[in-house]
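Enquirer: Turn this into a structure:
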Amino acid sequence: MIQRHTYDFLRELIENNNREWFQANKEHYEAARENVVEFTASLLKLMHKIDPGIDDALDAKKCVMRIYRDIRFSKDKTPYKNNFGISIPTKGLKLGRTEYYLQIGPGNSFIAGGYWMPEAAHLKAIRQEIDYNARELKNIIDDAAFKKLFGEFREQEALKTVPKDYSADNENIGLLKLKSFVAFHRFKDDELMKKNAAETIADICSKILPLNVFLNNALT
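Expert: Numbers count the residues shown, from 1 in each chain. Sure thing, here's the model as predicted:
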């Protein structure tokens, strides 16, 4: 589970997002990160059983993303993220394709899966798969249990115009307009501080798995 001190560190970081404070509290950061790494290792053990596409050799430490922000092209010059991000990619696929992503942050914790903002070639392939096999995707995203966990799948980033090579009267034009294909579920802070938090997340990921499989099939 995520320890209270991890959330406490992140709350203090939000109030003191500068290098001087971070260096003075480096031990608190290291303790929080170690907690997240240990939690990730526990989660990976469960995820391997759920999704055979996750590499058995995946290192929990490498799944936990850097807390340092890339500020080179950003107007926001705060040097640190106010959360811990955990990326769990699928076996044989490079980063930037389907994955499971867990974010841990005060008042902003969530699990997500699917493919966020695919590159042009992947987006074209996914749209083609939807055009050929929309029934399979709709069976996944319109399932009552899926909607209860993740809401309406169609209500995410989408084109305002009709995508190239498709017509406005296509019965699946709403899905074809999508620019991201993500299932997203929020957590309250105390949910991740429960002993069964990893099991809860893994169970939710099992509901995301069919979406990831559909998207991965489009990219093979």
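Enquirer: give me the number of residues near residue 64?
Expert: As a burial measure, residue 64 scores 21 neighbours (other Cβ atoms under 10 Å). (Each C-beta comes from the backbone N, C-alpha and C, glycine too.)
Enquirer: no, scratch that, I was asking about residue 149
Expert: A count of neighbours around residue 149, defined by other Cβ under 10 Å, yields 16.
Enquirer: Residue 79 against residue 71, yeah?
Expert: Yes: contact criterion Cβ atoms under 8 Å: residue 79 and residue 71 qualify, at 6.5 Å.
Enquirer: my guess is residue 210 meets residue 142, correct?
Expert: No: under the criterion of Cβ under 8 Å, residue 210 makes no contact with residue 142, lying 12.0 Å away.
Enquirer: Neighbour count: these two, which is higher?
Expert: Neighbours per residue (other Cβ under 10 Å) separate residue 210 from residue 142, with residue 210 holding more: 17 against 12.
Enquirer: what about the more buried one, distance to residue 127?
Expert: Using Cβ to Cβ, to the nearest Å, we find residue 210 at a distance of 19 Å from residue 127.
Enquirer: next one: residue 172
Expert: 9 Å.
Enquirer: who's more crowded, the two?
Expert: Neighbours were counted for residue 172 and for residue 127 using other Cβ under 10 Å; residue 127 has more, 21 against 16.
Enquirer: Low-confidence ranges, the chain, go.
Expert: 92-96 (pLDDT under 70).
Enquirer: Regarding it, what is its longest helix?
Expert: Longest helix in the chain, counting residues (DSSP state H): helix 26-50.
Enquirer: Okay, strands next: where are they in the chain?
Expert: 84-89, 99-104, 109-115, 181-187 (DSSP state E).
Enquirer: need these in JSON lines with distance to residue 200, can you?
Expert: Formatted as JSON lines, the strands of the chain follow (distance: least, Cβ to Cβ, whole Å):
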{"stretch": "strand 84-89", "distance to residue 200": "15"}
{"stretch": "strand 99-104", "distance to residue 200": "11"}
{"stretch": "strand 109-115", "distance to residue 200": "9"}
{"stretch": "strand 181-187", "distance to residue 200": "8"}
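Enquirer: Nearest spatial neighbour of residue 184, chain-adjacent residues omitted?
Expert: The shortest distance from residue 184 to any non-neighbouring residue, by Cβ to Cβ, 6 or more residues apart in numbering, is to residue 112 (4.6 Å).
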